[in-house]
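Prediction below, plus the sequence it came from.
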Protein chains: 2
Amino acid sequence: METIFHLPDNDFLYAQISGRIEKQIKQNLLKCGDKLPSVRALSNEQGISISTAYKAYVELENMGMIEARPKSGYYVKYSPSRSAKAPEINPPLKKIEQVSVGEMISMVYRNMAEEDVVRLSRSTPSLNLLPLAKLSKSMTEAIRKSPSGNVNYEKLQGNVSLRKQIAKNAFNWGGIHTEDDVVTTQGCMEALVFCLRAVTKPGDTVAIESPTFFGIFNIMLSLDLKVLEIPVNPETGIDIEYLTQAMDKVGIKACLFVSNFSNPVGSCMPDDRKQQLVSLLTARQIPLIEDDIYGEIYFGKSRPRTCKSYDTEGWVMLCSSVSKSLAPGYRVGWCIPGRFKEQIINLKMMHTISSATPTQAAIAHFFETGRYDLHMRNLRKALHTQCLRYTQAIATHFPADVKISRPQGGYALWIELNKNIDAFELYQAAITQGISIAPGQIFSTDARFTNFIRISFGFSYDDVVEQSFIVLGGLIKKMGQ
Amino acid sequence: METIFHLPDNDFLYAQISGRIEKQIKQNLLKCGDKLPSVRALSNEQGISISTAYKAYVELENMGMIEARPKSGYYVKYSPSRSAKAPEINPPLKKIEQVSVGEMISMVYRNMAEEDVVRLSRSTPSLNLLPLAKLSKSMTEAIRKSPSGNVNYEKLQGNVSLRKQIAKNAFNWGGIHTEDDVVTTQGCMEALVFCLRAVTKPGDTVAIESPTFFGIFNIMLSLDLKVLEIPVNPETGIDIEYLTQAMDKVGIKACLFVSNFSNPVGSCMPDDRKQQLVSLLTARQIPLIEDDIYGEIYFGKSRPRTCKSYDTEGWVMLCSSVSKSLAPGYRVGWCIPGRFKEQIINLKMMHTISSATPTQAAIAHFFETGRYDLHMRNLRKALHTQCLRYTQAIATHFPADVKISRPQGGYALWIELNKNIDAFELYQAAITQGISIAPGQIFSTDARFTNFIRISFGFSYDDVVEQSFIVLGGLIKKMGQ
C-alpha cells in the first residue's frame, strides 16, 4: 500500500523560509511587484514539502509582505521605501502550471460564486428544492411571537426551542439527548472550528479522511494543525485498521470524520464499524469530531445512525447544520460536544457572545410546525432522482472506462477517469466552456487523485446540465486520446 | 507612576505547571472530585503570576482533566480508572474568597443573563429604545425583495447593499470608503477576533487600554496573546507618551483601542491625539485595531472622527456593529481592515464561509430606507437623558465622596468610591439584593481598580432603577463605616 503519511516538515522550517524571504524583501533584493517562484518551484528549490512552502507564503502574506494574485501566483507587495510605487503587473497568465493545492482550492471556490457558470462543483441544493415561502413565513411568525421581536441577544448556548428540536431529531440517528447537550453555532463550519480549538493546540496532528472535502484543509491551515490522511473505503468508510496502526506511529490529538455520506466518496460507515471506531477512540481517549452534515440526506429507507449514538463517555463531538438541507444562508448549525461542552460554550462566548437570534428562531419555528419533515421527504426524493439522472448522463456521455461511485445519500458523485487524464487540466478546459467541476487533486494535501473528479448533483437536472455532460464527455475523450 | 507592565510569565511556565498537575491527577494523587487550590493560592504557592496560574487551569480544563464549578472553584474531573464515579460535591460556597479576575468576569457575565436582576452591569440599550416594529418590517421586506428569499449563501465579503451603507456612513466620521473596503462579520466581537488573528500569533503582545472592557481579556486569553495595559486619561484617552515608552521596551504586535467613548472610562480622544496615535503607529508599522462600537452613541453636536479617518497607509483596522445602536441579536458587524483585507476575508472563509443572509439584508434595508438616522437621533437623546438621570441619582444616593465620570457618549458611568471600599464585595452584596453592577476589578488583568464600579445606563430610568440606587447607596455607606 502506498504510504499516506503526509505530515508537513517541522514547525520551524516554514518560518525559517519565510524569514529568509522577508529579509530579501526588506533589503530590496526582491522588489515590490517581483513575481515569486511558484509553491512547487520553492518546494523543489529548498528541498521542502509543498505544504511547508505554502505555509511560508501564507505567513508572508499575513505579514503583508507578499500577495497572491488570482491565476498568477505570489508577488512582492511590501516596499522598504514607502514612496516607491508598485509597478503595473503582467496580465494573468493564460496557462497555469505548477499550482499548489491551496491555489487550486481558491480557484474552485471562486468559480462556485460565479453565477454564469454551470456549477457542478457546488454541493448545495438548488433554490427550487428549498421551501422559500415557508421559511419566510417561519421568520415572520417567529418575530411576531417574540416579545422582543427577536432583536435581543440570544442565550449563549443557543435558542432553547431550536436546541429542543435538535435533541428531538437526534432520536432518528439513535441519540438520546436533551436541549442541554446542544450548543448552536454559525453553521457547521464554526462548530468544526470550535471543536478543533477545544481539543487541539497549534502544531497538533488531526486524523482526517482521504479523500476529503477541501474546506477541511483550510480550517487545518488556519488553525496551524497537521493532518494525517486515512484512506476511505467507498463501502465501509474510514479504514479503521489503518487508523489503528497510524495512531501507534503518530500521536494524534483528534479525528475529524464524515461518517455518513462522506464528501467526496459518498461512503456510509456500517453500524458495526461506527461502534468499533468509537470504542477504539474512547479506549485511547481521543476525541472524534463527527461531521454529520449529510446525515439527513439519505436515499435509503431510514436515517443512518451516527458514531455519536455509540458514545457512552462523551468523546464524540457531533457537528451539523441546516445548510445542506434547508437554508444555507441562515448559517444555523450546532454541535453536541459531549464532555467538551463547557469549552465549546467558552469559545463561542469569546468569539461572538451569541449566535444571531432571528435565524435561530425561524429555523426552530420551521421545525416545530412539522414543516421540516415534509420538506425533507421531498428533498430526499428529488436528490435521489437527480443522483440517478446525473449517473445515467455520465454513463451515457463519458467514455466507457470511467467508474462512478454509487452514493446512498449526500450530494456528490466521485468519478474515476482513465489514468492518463489529469483532472486539473480537465477542470481548466471545462471552466473555459463555462462548466465548473471539482478536480480530484483538491481532495488531498498532496494533489493525489489526479484522475478523479467530483460532480455534485444539487442542481436540478435540465438541458443546461445535459449539455454540460456532453461537453465534459467530449473533453475527456479528447484528452484521453 | 505605578508600573503597569503586567506581562504574564514566559510561555512555558504555565504549561510546566499544568503538566505537573496533570501528572498528579494521572497518578491518582489528586483524585476525581478533589478541590484544587484557588488561582490566587496556586500563584502564591508556585511563585507565578495570577494570569499564569489561570492559564494553567484553563489548559487543564481544555484537556478535560479539571472543571470549573460556578462560585466554587476548580475540581479534578478526570479519573484514571474509568469505573470510579465522581463523588457528590460540596454545595457552592457562600462566601467567595480569592477569586481570579477570570472567575469574576464569568460571574458578572452570568448575572447579565439573569432576567430577575436589575442589570446595571449590562451595556446594551433596553428594548423600549429599539425600533422593534420597523426592524421586523425591514426583515420581511428584504426577504420579499430577494429572489432567493435570502435563503442562499451571502457573498463571502458580505451583503453588498449593507457594505455600501456602511461606506456611506463612514463619511460621518471623516472616512472616504467604498463597499470594497468593508468586510461584514458576526458582530463586532468576531471582527476583533479576525483582526487580532490576522496580525498576531499566539504568544505575541498586544497593547490595550487600562481599564478596559473585560470581554477583551477573554479574547486575548482564547488567542493566547499577552496584554500590555496602557493607562487611559478620562479626557484625552490613551496615554500616547506612555505607549511610546512602552513600545521601546516591549515588542508589541498590535494595539486594540476604543478611541470613542472607551469602556468603562468613557473617554473620547481629541482629533489631534487620534492623528498623533495613527502617525506613531504607522511609522512603526504597528496595526491599530480600532473598536468604534460606541462611536455612533454621541451626546454632543456631531459624530466624533475615528483614528481610521487619519489612516493613509492602511494600518488601522476599524471594527464596529449595530449591537449597541440597533439590534444586538442580529449579530451584524463589520470591519474596514485597510491593508489586511485579504487576510480577514480568508479568516472569515475558513471560520464560517459567509455571514447570515437575512440579518445582513434586513439591516441594509433599514439603513437604505433612512430609518436608521431617525432612530439614532431618538436613541442618542434618550441615552443622554438617562446618563444625566443616572448621574443625578448617584450624586443623590451615594456618599458625598464618590467621583463620577462625565462621558459624552456610550453607555457607562465609571465611579470611584472611597478607597476603603472593595468593589467586588459591593458587587457580592448587591447581587444578593437583586442588583448587578460591574466591579472595577474585572477591568484589568490584575484586579486593580478595587474601589471603582461601572454602572451602565442602557435601561430606562424608572422606579426600579431608582430603588436600586437607594439600596446601592446604603450598601456603600455601610461598607465605608
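Looks like it arrived, so ask away.

What helices and strands are in contact with the lengthiest helix in chain A?
With residue count as the measure and DSSP state H as the assignment, chain A has helix A:371-397 as its longest helix. Contact partners of helix A:371-397 among helices and strands, from 3 or more CB pairs under 8 Å, 6 or more residues apart in numbering or on different chains; DSSP states H and E: helix A:132-145, strand A:403-404, strand A:412-416, helix A:463-480. Quick note: C-beta positions are derived from backbone N, CA and C, even for glycine.

Run the chain-centre distance for it.
For helix A:371-397, the gap between its own C-alpha mean and the chain's C-alpha mean amounts to 21 Å (CA atoms, centre = their mean, to the nearest Å).

ok, and for that helix, which residues are buried?
By neighbour count, and taking 16 or more other CB atoms under 10 Å in any protein chain shown as the criterion, the buried residues in helix A:371-397 are A:371-372, A:375-376, A:379-380, A:382-384, A:386-387, A:389-391, A:393-394, A:397.

Tell me the pLDDT of residue A:38.
On pLDDT, residue A:38 comes in at 85.

sorry, back to before: what's the angle from the longest helix of chain A to helix A:463-480?
Using axes from the mean of the first three to the mean of the last three CA atoms, to 10 degrees, the interaxial angle of helix A:371-397 with respect to helix A:463-480 works out to 40 degrees.

angle of helix A:371-397 against helix A:132-145?
Orientation note: helix A:371-397 sits at an angle of 160 degrees relative to helix A:132-145 (the same axes, to 10 degrees).

what is the rounded mean pLDDT of helix A:371-397?
When pLDDT is averaged along helix A:371-397, the result is 95.

what do you get for stretch A:46-56?
Stretch A:46-56 shows an average pLDDT of 82 in the prediction.

can that stretch be found next to chain B?
No - contact check for stretch A:46-56 against chain B, using CB under 8 Å from any CB of the partner chain: none in range, with a minimum separation of 12.5 Å.

Kindly format the C-alpha coordinates of that stretch as CSV.
Output in CSV follows, covering the C-alpha atoms of stretch A:46-56 (Å, rounded to 0.1, in the frame of the first residue of the first chain):
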residue,chain,number,x,y,z
GLN,A,46,14.6,24.4,-1.0
GLY,A,47,14.0,20.7,-0.6
ILE,A,48,10.9,21.2,1.5
SER,A,49,7.4,19.8,1.2
ILE,A,50,4.7,21.6,-0.8
SER,A,51,2.7,22.3,2.3
THR,A,52,5.7,23.9,4.1
ALA,A,53,6.4,26.1,1.0
TYR,A,54,2.7,27.0,1.0
LYS,A,55,2.7,27.9,4.7
ALA,A,56,5.8,30.0,4.2
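
which non-adjacent residue is nearest the residue in the stretch 351-481 of chain A that chain B sits nearest to?
Proximity to chain B, evaluated over the stretch 351-481 of chain A using CB to the nearest CB, is greatest for residue A:357 at 3.2 Å. Spatial nearest neighbour of residue A:357, excluding adjacent residues (CB to CB, 6 or more residues apart in numbering or on different chains): residue B:329 at 3.2 Å.

give me every residue that touches the one you found.
Residues in contact with residue B:329, defined by CB atoms under 8 Å, 6 or more residues apart in numbering or on different chains, are A:148, A:150, A:151, A:152, A:153, A:154, A:354, A:356, A:357, A:358.

Got phi/psi on it?
Backbone torsions of residue B:329, given as degrees, to the nearest 10, read phi -80, psi -10.

residues near the closest residue to residue A:291 other than its chain neighbours, how many?
Computed as CB to CB, 6+ apart, the closest residue to residue A:291 that is not its neighbour in sequence is residue A:258, at 4.6 Å. Neighbourhood size, residue A:258 [other CB atoms under 10 Å in any protein chain shown]: 29.

show me the contacts for residue A:258.
Contact partners of residue A:258, counting by CB under 8 Å, 6+ apart, are A:209, A:212, A:213, A:290, A:291, A:292, A:293, A:294.

mind redoing it with 7 Å?
A:209, A:291, A:294 (CB atoms under 7 Å, 6 or more residues apart in numbering or on different chains).

can you map out the helices along the stretch 51-200 of chain A?
Taking DSSP state H, counting those that start in this stretch as the criterion, the stretch 51-200 of chain A contains helices spanning A:101-113, A:132-145, A:160-170, A:187-199.

Please apply the same query to the stretch 201-350 of chain A.
Secondary structure of the stretch 201-350 of chain A by DSSP H, counting those that start in this stretch: the helices cover A:215-222, A:240-249, A:271-284, A:341-352.

May I see those helices arranged in TSV, with distance to residue B:273 and mean pLDDT as well?
Below are the helices of the stretch 201-350 of chain A laid out as TSV (distance: least, CB to CB, whole Å; pLDDT from 0 to 100):
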stretch	distance to residue B:273	mean pLDDT
helix A:215-222	36	89
helix A:240-249	57	91
helix A:271-284	56	98
helix A:341-352	30	93
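
Let me know how buried the residue nearest to residue A:300 when sequence neighbours are not counted is, in neighbour terms.
In space, residue A:300 comes closest to residue A:408 once its chain neighbours are excluded; the distance is 5.4 Å by CB to CB, 6+ apart. Neighbour count of residue A:408, defined by other CB under 10 Å: 16.

Let me know the pLDDT of residue A:408.
If you check residue A:408, the pLDDT there is 93.

rewinding a little: what's the most buried one of the helices of the stretch 51-200 of chain A?
The highest mean neighbour count among those, using mean count of other CB atoms under 10 Å in any protein chain shown, belongs to helix A:187-199: a mean of 25.

Would it count as contacting chain B?
Yes - for helix A:187-199, a contact with chain B is found by CB under 7 Å from any CB of the partner chain, at A:187, A:189, A:190, A:193, A:198.

Over to stretch A:260-271?
No - remark: stretch A:260-271 sits outside contact range of chain B, by CB under 7 Å from any CB, the gap being at least 14.4 Å.

how about the lengthiest strand in chain A, does it get close to chain B?
When chain A is parsed with DSSP state E, its longest strand is strand A:226-233. No - using CB under 7 Å from any CB, we find that strand A:226-233 stays clear of chain B, coming within 14.3 Å at best.

do stretch A:214-223 as well
Yes - applying CB under 7 Å from any CB, one finds that stretch A:214-223 is in contact with chain B at A:218, A:219, A:222.

How many neighbouring residues does the closest residue to residue A:341 other than its chain neighbours have?
Across the structure, with CB to CB, 6+ apart as the measure, the residue nearest residue A:341 apart from its sequence neighbours is residue A:183 (6.6 Å). Using other CB under 10 Å as the criterion, residue A:183 is surrounded by 27 other residues.

who's in contact with residue A:183?
Contacts for residue A:183 were tallied using CB under 7 Å, 6+ apart; they are A:157, A:158, A:334, A:335, A:337, A:341, A:344, A:345, A:348.

Is the fifth one in contact with residue A:344, as I believe?
Yes - contact between residue A:337 and residue A:344 holds when scored by CB atoms under 7 Å: they sit 4.6 Å apart.

Show the pLDDT at residue A:8.
40.

any chance of the helices of the stretch 201-350 of chain A in TSV, plus mean neighbour count?
Putting those into TSV (neighbours: other CB atoms under 10 Å in any protein chain shown) gives the following:
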stretch	mean neighbour count
helix A:215-222	20
helix A:240-249	14
helix A:271-284	18
helix A:341-352	21
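
For residue B:449, which of the ones you listed is the nearest?
Between residue B:449 and the helices of the stretch 201-350 of chain A, the shortest gap by CB to CB is with helix A:341-352, which sits at 22.2 Å.
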